[in-house]
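Asker: A structural model of the following input is requested.
(2 chains)
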Amino acid sequence: MSVLPPVRKDRIIAQLPMFFTKEAALHTKDEFNPKVKTACQQQKTGTVGFKISKVIVVGDLAVGKTCLINRFCKDAFDKNYKATIGVDFEMERFEVLGVPFSLQLWDTAGQERFKCIASTYYRGAQAVIIVFDLTDIASLEHTRQWLEDALKENDPTGILLFLVGTKKDLISPAQYSLMEKDAIKMSEELKAEYWAVSALSGEGVRDFFFRVASLTFETNVLAELEKSGSKRIGEVVRINSNTNNLYASSKKKQPNCCQ
Amino acid sequence: MALQGTEEIEEQIEEPEDIQDQDARISPAEEMPGDGPGEEESDPLLLPWDRFSAWLHCICVVGFDLELGQAVEVIYPHHSKLTEKEKTSICYLSFPDSNSGCLGDTQFCFRFRQASVRKSSLGCFLDHFDRDAPVCLKRDQGHFYGYVYFRQVRDKSLKRGYFQKSLVLISKLPYVTFFHSLLKLIAPEYFEKQEPCLEAACNDIDRWPTPCPGKILTLPIMGVVMKVRIPTCYDKPGTSQLVQSTPVRGMLLLDTLVSIVLPTIHEVDLFRCFYPVFFHIQMLWELVLLGEALVVMAPSPAESSDTVLALVSCISPLRYCSDFRPYFTIHDSEFKEYTTRTQAPPSVILGVTNPFFAKTLQHWPHIIRIGDMKQAGEVAKQMKVKKLKNLKTLDSKPGVYSAYKPFLNRDDDIIKQLQKGVQQKRPSAAQNAILRRYFLELTQSFIIPLERYVASLMPLQKSISPWKSPPQLRPFSQEEFMKTLEKAGPQLTSRLKGDWIGLYRQFLKSPNFDGWFRNRRREMMQKLEALHLEALCEEDLKLHIQKHTEVETVDLVLKLKDKLSQAEREQLPVRTGTLAKLQAHIEAIILSLPEDLQGILHKPSSP
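Answerer: Numbers count the residues shown, from 1 in each chain, chains lettered A, B, ... in the order given. Model (predicted):
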């Protein structure tokens, strides 16, 4: 009974998008988890509803959080700087493996005076995008603090972390490779997946958000399978008597590393 | 040839023909991601704070100053205007007025008269939304609502020993449930984190889509997305609720952190509110319907405001047209006007908590005493309406005090049904739904004969001539209406017996009838204007002017222009394309005139 128009054609994800660099990726598999794929095929029967994930974007003042989101959501870049007051919000709809999926993007203010309210906005987030400016090493240093704040009032288990360097267009390749080393080191420390992008040129922005959407979606489905999982999916399988999938999906709580 | 404009300009109309189209859209929506605020963001007509103003007038923080007493500490956004009188009202109405021991957090609502009529520049734009809203959800023209979140906790670090503060949303919108949910999200955060929190919340609200009836609105606030649907006047009563789909197991917890679906924006829990007096619900319905002076004496503002709002809404879809004050204090600017003994009590419903009122309003004809809700169990046994003379002091027993004899016989079935529900511990939501449906059916049974009669006052389509003024509506005749009751009275839809005729007679004298009838008459007159306009557009105007002098033609052009601007201004319910057609007619006639005249007539018409 959807009241919504269909998902935009350029928001359909059928394949798992690749990581940015192998050295700092959340995982390096080149396909969606088979359990997720199977579940999605069966969701076409309409047994599992639609999903939504909350994503917060944090980082220092003027590192380009809003520009990053605007490049992706509106395909726009505004050279003028306008500080975010409190928090901005965007909703982006995807279709992953044929299943409707939405990201709620909460774009938080980098200003010190809004730090006190940030934890309110962080509640329930499934992914945290920590943004730094590739031309400003201090902003990379501060990502540690941003993460700590973000996780303070949240259960950190199951939260996906992304470390994103912006303004790649402003930096020479030589400077960049120096910066990247530090950034990857930081990623390892934070257990975050590293990306470098330019909101001005658009380089990497779409790939990045597709990756965020895909990984949060995957985690989401896996968590759901684990929680309510085997019984419910099992029933569906029996009705469909789809022998191919029966084994894969009716086994209880298989470890994720089955690939 | 007479083309006349009507004087009434700023009123809104319903579009009865649209019912079919609109109905298709109001099926209960599933929990789906609505389009984000981004959808409307491109609207170039909206300036910063316009979106905010469409929802709220302002947000106030009211605190207690040891020297000044209650004071408005902050107004957000800073540029919002409130007169001194309004500020004073907000101060007093935002705090409990007796030491009622509201320890902890309390939410309630009040309503106060707007000090001066000011039309915001957004007025027209907002009226546009109001047009599609049900009568009881339209913007309140002369009043503001205040939605309060009051916190009173012990705090030894403060001189008074208590932290006492209210966060108050001031709005013209009567969305009580919605604003209370909103306050639940904002206020606790504000009390902990102070101003940046308000600034962020206001910024969130200023990015919301405008409160457009019928759409599912996605409203991000404080890290949560609220989803609501404002009903439209085309909804079938009782069908337009936004229903949350059953959450996928395990996802529930997560989802409440991420999004909240509000099933209703304005409905209070009728059962909970009427529980202390539920033997008398039908009598209360009559009292509200007839616009009788009613006062609710309750132990706290939360209970007084809930009960007053429940009373006002029990005659929905009829609009309660008199003044009502969910929480009224002795400091209110209307205190003298409403409590004077030199006149009969006015047609208003007041909610009060101050014991002083037990004396001041002793002469009022109908008094509802609500006890402490906590002891509600025993209250439900009170069957009899009490004599007024028994009400003397604050510690009078809960119940309804009145000498009123209901016109209709009591419906014992509903009482039994609700009582059974209490015994079987039926959920409050189910009890509320039963009671709401009961009131709805009762009100509809009552109003349908009136609707039918009033519709018959409309002149026949064939009496509309483009070259005459639109025909007049036939006048409302009480006797004629009463005659229709024999065959088409409420007995068709209600099994309740009693003196329906007497009830109608009384109702016809009440402000509720007056308000209802004015509204219907305006709609019908606009409909006539619209039909007239359509008839005019079908005429061959060029042929017509050939038979007339130049002076008459100029006169026609001016009148047509007038008619066109009236239709645009009042958003007359004309068929699509009619206005464009009329514009084309005007152009064509002007072109047939001598050139010098053309120049003059092409100038923008003077107002």
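Asker: Quick one: the strands in the chain, in order.
Answerer: Went with chain A since none was named. Assigned strands in chain A, in chain order: A:12-13, A:51-59, A:87-96, A:99-108, A:127-133, A:160-166, A:193-196 (criterion: DSSP state E).
Asker: I was after chain B.
Answerer: B:58-65, B:69-76, B:104-113, B:143-154, B:162-171, B:216-221, B:224-229, B:259-261, B:294-297, B:323-325, B:348-352, B:366-369, B:399-402.
Asker: which neighbours does the second one have in its sheet, and in what orientation?
Answerer: Going back to what we said before, that points to strand B:69-76. Neighbouring strands of strand B:69-76 in its sheet, by DSSP bridges, are strand B:58-65 (antiparallel).
Asker: Could you give the separation of the partner strand from the chain centroid?
Answerer: Chain-centre distance of strand B:58-65: 25 Å, with Cα atoms, centre = their mean, to the nearest Å.
Asker: Using PDB, write out the CA atom coordinates for it.
Answerer: Provided in PDB are the C-alpha atoms of strand B:58-65 (Å, rounded to 0.1, in the frame of the first residue of the first chain):
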ATOM      1  CA  CYS B  58       6.800  30.900  19.100                       C
ATOM      2  CA  ILE B  59       8.300  28.800  21.900                       C
ATOM      3  CA  CYS B  60       8.500  30.400  25.300                       C
ATOM      4  CA  VAL B  61      10.400  29.500  28.500                       C
ATOM      5  CA  VAL B  62       8.600  30.500  31.600                       C
ATOM      6  CA  GLY B  63      10.500  30.500  34.800                       C
ATOM      7  CA  PHE B  64      10.000  31.700  38.400                       C
ATOM      8  CA  ASP B  65      11.900  34.700  39.500                       C
END
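Asker: tell me the angle it makes with strand B:143-154.
Answerer: Here strand B:58-65 runs at an angle of 40 degrees relative to strand B:143-154 (axes from the mean of the first three to the mean of the last three Cα atoms, to 10 degrees).
Asker: Give me the buried positions along strand B:58-65.
Answerer: By neighbour count with 16 or more other Cβ atoms under 10 Å in any protein chain shown, strand B:58-65 contains the buried residues B:58, B:59, B:60, B:61, B:62, B:63, B:64. Every residue, glycine included, has its C-beta placed from N, CA and C.
Asker: So for it, mean pLDDT?
Answerer: Averaged across strand B:58-65, the pLDDT comes to 92.
Asker: ditto for stretch B:129-139
Answerer: 86.
Asker: Then stretch A:188-207?
Answerer: The model assigns stretch A:188-207 a mean pLDDT of 94.
Asker: first vs last residue of that stretch, how far apart are they?
Answerer: For stretch A:188-207, the first-to-last residue distance is 21 Å (Cα to Cα, to the nearest Å).
Asker: How about stretch B:560-580?
Answerer: OK, stretch B:560-580 end separation, Cα to Cα: 12 Å.
Asker: Distance of the closest residue to chain B within the stretch 151-259 of chain A relative to residue B:354?
Answerer: In the stretch 151-259 of chain A, the residue that lies nearest chain B is residue A:227 (3.3 Å; Cβ to the nearest Cβ). The spacing between residue A:227 and residue B:354, counted by Cβ to Cβ, to the nearest Å, is 52 Å.
Asker: one step back: and the residue of the stretch 151-259 of chain A closest to chain B, what pLDDT?
Answerer: So, for residue A:227, pLDDT stands at 72.
Asker: Then residue B:296?
Answerer: So residue B:296 comes in at 95 (pLDDT).
Asker: Give the full set of residues in contact with it.
Answerer: B:304, B:307, B:308, B:311, B:349, B:350, B:351, B:352, B:368, B:370 (Cβ atoms under 8 Å, 6 or more residues apart in numbering or on different chains).
Asker: just these now: which is nearest chain A?
Answerer: residue B:304 (31.4 Å).
Asker: Helices of chain A, residue ranges please.
Answerer: A:34-43, A:65-74, A:115-122, A:137-141, A:143-152, A:173-190, A:205-224, A:230-240, A:243-250 (DSSP state H).
Asker: Turn those helices into JSON lines, including distance to chain B and mean neighbour count.
Answerer: Formatted as JSON lines, those follow (distance: least, Cβ to the nearest Cβ, whole Å; neighbours: other Cβ atoms under 10 Å in any protein chain shown):
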{"stretch": "helix A:34-43", "distance to chain B": "11", "mean neighbour count": "20"}
{"stretch": "helix A:65-74", "distance to chain B": "7", "mean neighbour count": "22"}
{"stretch": "helix A:115-122", "distance to chain B": "4", "mean neighbour count": "22"}
{"stretch": "helix A:137-141", "distance to chain B": "21", "mean neighbour count": "16"}
{"stretch": "helix A:143-152", "distance to chain B": "12", "mean neighbour count": "17"}
{"stretch": "helix A:173-190", "distance to chain B": "22", "mean neighbour count": "15"}
{"stretch": "helix A:205-224", "distance to chain B": "6", "mean neighbour count": "22"}
{"stretch": "helix A:230-240", "distance to chain B": "8", "mean neighbour count": "15"}
{"stretch": "helix A:243-250", "distance to chain B": "16", "mean neighbour count": "15"}
